[in-house]
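Participant: Have a look at this fold, sequence not included:
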Ligand SMILES: C=C(O[C@@H]1C=C(C(=O)O)C=C[C@H]1O)C(=O)O
């Protein structure tokens with residue numbers, strides 16, 4: 001089956017993972033492995049796949065398992081893999097999404113700006129280098145959330161990056177288009193591609209180029225990025241020999257955002273370390289949490305008026321050889337029967353500006369909003 005057919009066949013409850021390298025559609029449940037101890041879970045998954053002598057396990061890690069939100073991996077009944085969705089997928093029609101009946105910001109935008117202001121103060125008080133604060137938009141529909149249609153539009157919009165639809169406990173779905181590779185493992189080759197530092201894209205080419213240039217030369221964004229790269233390299237080092245960490249970040253683009261990214265590569269030291277072991281060792285990176293992790297997590301818990309659940313977790317798959325790919329679960333929404341919650345966050349460092357941070361989250365919402373045919377402009381400011 002070609003990639004476009006897989007995307008077309010995706011429906012709520014399946015696992016779809018569409019990247020520049022491959023498209024995976026997994027359906028049904030032969031085995032479900034859940035738990036709040038992610039390292040133990042990685043061992044259980046490796047054992048389950050070894051016992052079967054093949055196959056994959058696919059699913060999600062939460063932002064913080066300690067809050068009781070479990071990691072959930074499924075050994076599917078059927079798995080189909082094809083090449084990249086683009087350009088095949090261009091033959092599929094874009095789906096029309098009915099207008100929502102209500103959209104509500106959580107918290108209200110000025111409250112988020114206040115939280116950023118507080119975070120900047122608390123960074124100094126608590127000796128934190130960086131913390132990532134998020135906000136949410138609750139979207140309600142008259143009928144069932146058209147999960148498969150939104151996912152299809154996300155695939156159409158994203159030739160690069162990681163588009164996913166993954167089943168969550170309770171029949172919910174995590175869907176999104178993340179630009180960021182938490183980690184991949186293929187044989188003994190390990191890759192992580194952390195992103196931090198953001199500017200919105202612009203429809204005006206001159207303004208767009210100016211934003212990119214401003215990002216590349218922004219001291220604040222460079223610092224945010226350096227904190228992240230350092231932490232990811234440090235977390236990978238015990239598992240790798242020959243870790244290559246480029247000294248300078250590169251400019252990366254999505255349809256909605258400019259980012260700074262650093263592609264870190266290494267050679268795996270122990271073949272028993274699976275992609276899922278690596279993901280659980282790396283998570284949560286300062287791309288979505290902060291440094292140091294424990295106090296960043298505490299501050300996030302104090303300032304955000306919701307539980308992140310699967311936002312800012314990881315989504316991906318691992319196979320019986322230990323190979324796999326895990327993306328950071330951002331630019332995503334957690335969908336129930338007739339409503340969904342979308343999330344967007346940004347890294348705060350000592351000289352972050354509350355209004356700029358608010359604008360950054362608004363720009364990040366555009367990824368999902370576009371796929372939903374939604375104009376969030378007036379709601380997000
Ligand atoms: C936290 C999010 O994005 C992350 C934060 C970034 C930043 O602060 O510059 C950039 C990319 C992502 O790693 C999000 O989109 O919700």
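Facilitator: Now that the structure is in, tell me what you want to look at. Everything numeric here is computed off the predicted structure, so don't read it as measured data.

Participant: Can you list the low-confidence ranges for the chain?
Facilitator: 376-381 (pLDDT under 70).

Participant: residues contacting the residue positioned nearest the centre of the chain?
Facilitator: Central residue of the chain (Cα atoms, centre = their mean): residue 329, 2.2 Å from the mean position. When contacts are counted by Cβ atoms under 8 Å, 6 or more residues apart in numbering, residue 329 touches 60-61, 63, 164, 174, 176, 178, 310-315. C-beta here means a position set from N, CA and C on the backbone, and glycine is covered the same way.

Participant: roughly how far apart are it and residue 171?
Facilitator: Distance of residue 329 to residue 171, given as Cβ to Cβ, to the nearest Å: 18 Å.

Participant: hmm, back to that, can you tell me how far the residue nearest to the centre of the chain sits from residue 179?
Facilitator: 12 Å.

Participant: Please identify which helix or strand holds residue 368.
Facilitator: helix 354-371 (DSSP states H and E).

Participant: Now do the buried residues in that helix.
Facilitator: For helix 354-371, a neighbour-count test (16 or more other Cβ atoms under 10 Å) marks 354, 357-371 as buried.

Participant: Could you identify the most distant pair in these?
Facilitator: Farthest pair in these (Cβ to Cβ) is 354 and 371. Separation: 28.0 Å.

Participant: residues in contact with stretch 15-24?
Facilitator: Applying Cβ under 8 Å, 6+ apart, the contact partners of stretch 15-24 are 3, 6-7, 10, 25-27, 56, 58-59, 74, 76, 79-86, 89, 151, 155, 158-167, 315-317, 325.

Participant: from the residues you listed, which ones fall inside helices?
Facilitator: 3, 6-7, 151, 155 (DSSP state H).

Participant: List phi and psi for residue 135.
Facilitator: Main-chain dihedrals, residue 135, degrees, to the nearest 10: phi -130, psi 170.

Participant: before we move on, what about residue 250?
Facilitator: The phi/psi pair for residue 250 (degrees, to the nearest 10) is phi -110, psi 160.

Participant: Could you list everything it pairs with in the sheet?
Facilitator: residue 261 (DSSP bridges).

Participant: how close does the residue nearest to residue 187 when sequence neighbours are not counted sit to the ligand?
Facilitator: Distances taken as Cβ to Cβ, 6 or more residues apart in numbering place residue 323 nearest to residue 187, at 7.0 Å, with adjacent residues excluded. Counting by Cβ to the nearest ligand atom, to the nearest Å, the separation of residue 323 from the ligand is 24 Å.

Participant: what about residue 323, how many residues close to it?
Facilitator: Close neighbours of residue 323, defined as other Cβ atoms under 10 Å, add up to 16.

Participant: cool, the one 3 residues further on as well?
Facilitator: Counted with other Cβ under 10 Å, the burial measure for residue 326 works out to 28 neighbours.

Participant: Repeat that for the one 10 residues further on.
Facilitator: One way to gauge burial is a neighbour count; for residue 336, by other Cβ under 10 Å, it gives 16.

Participant: Please verify my assumption that it contacts residue 172.
Facilitator: Yes: with contact defined as Cβ atoms under 8 Å, residue 336 reaches residue 172; the gap is 5.3 Å.

Participant: Is any residue of the helix or strand that contains residue 206 near the ligand?
Facilitator: According to DSSP H and E, residue 206 maps onto helix 205-216. No: using Cβ under 6 Å from any ligand atom, we find that helix 205-216 stays clear of the ligand, coming within 9.1 Å at best.

Participant: The residue in the stretch 51-200 of the chain that the ligand sits nearest to: what's it in contact with?
Facilitator: The ligand sits closest to residue 198 of the stretch 51-200 of the chain, with a gap of 3.5 Å, by Cβ to the nearest ligand atom. Shown in contact with residue 198 (Cβ under 8 Å, 6+ apart): 215, 221, 257-259, 346, 360, 363-364.

Participant: That one belongs to a strand?
Facilitator: Yes: according to DSSP: H, G, I helix; E, B strand; the rest coil, residue 198 belongs to a strand.

Participant: Show me what it bridges to in the sheet.
Facilitator: As assigned using DSSP bridges, the partners bridged with residue 198 are residue 259.

Participant: From residue 262, how far off is it?
Facilitator: Between residue 198 and residue 262 the distance is 14 Å, computed by Cβ to Cβ.

Participant: what does residue 302 give?
Facilitator: For residue 302 relative to residue 262 (Cβ to Cβ), the value is 30 Å.

Participant: Just want to know which of these two has more residues nearby.
Facilitator: Just comparing residue 302 and residue 262: by other Cβ under 10 Å the higher neighbour count belongs to residue 262, 22 against 11.

Participant: Hmm, residue 194 and that one touching each other?
Facilitator: Yes: if you go by Cβ under 8 Å, residue 262 and residue 194 touch, sitting 6.0 Å apart.

Participant: Need the overlap of contacts for those two.
Facilitator: 228-229, 232.

Participant: So which of those wins on neighbours?
Facilitator: Busiest of these [other Cβ under 10 Å] is residue 228, holding 27 neighbours.

Participant: so who does residue 152 touch?
Facilitator: 7-8, 10, 92, 94-95.

Participant: From the residues you listed, pick the one nearest residue 40.
Facilitator: Using Cβ to Cβ, these come closest to residue 40 at residue 10, 30.5 Å.

Participant: and that closest one, what does it touch?
Facilitator: Taking Cβ under 8 Å, 6+ apart, we find residue 10 in contact with 16, 25, 148, 151-152, 165.

Participant: Now it. Its backbone dihedrals?
Facilitator: The phi/psi pair for residue 10 (degrees, to the nearest 10) reads phi -60, psi 130.
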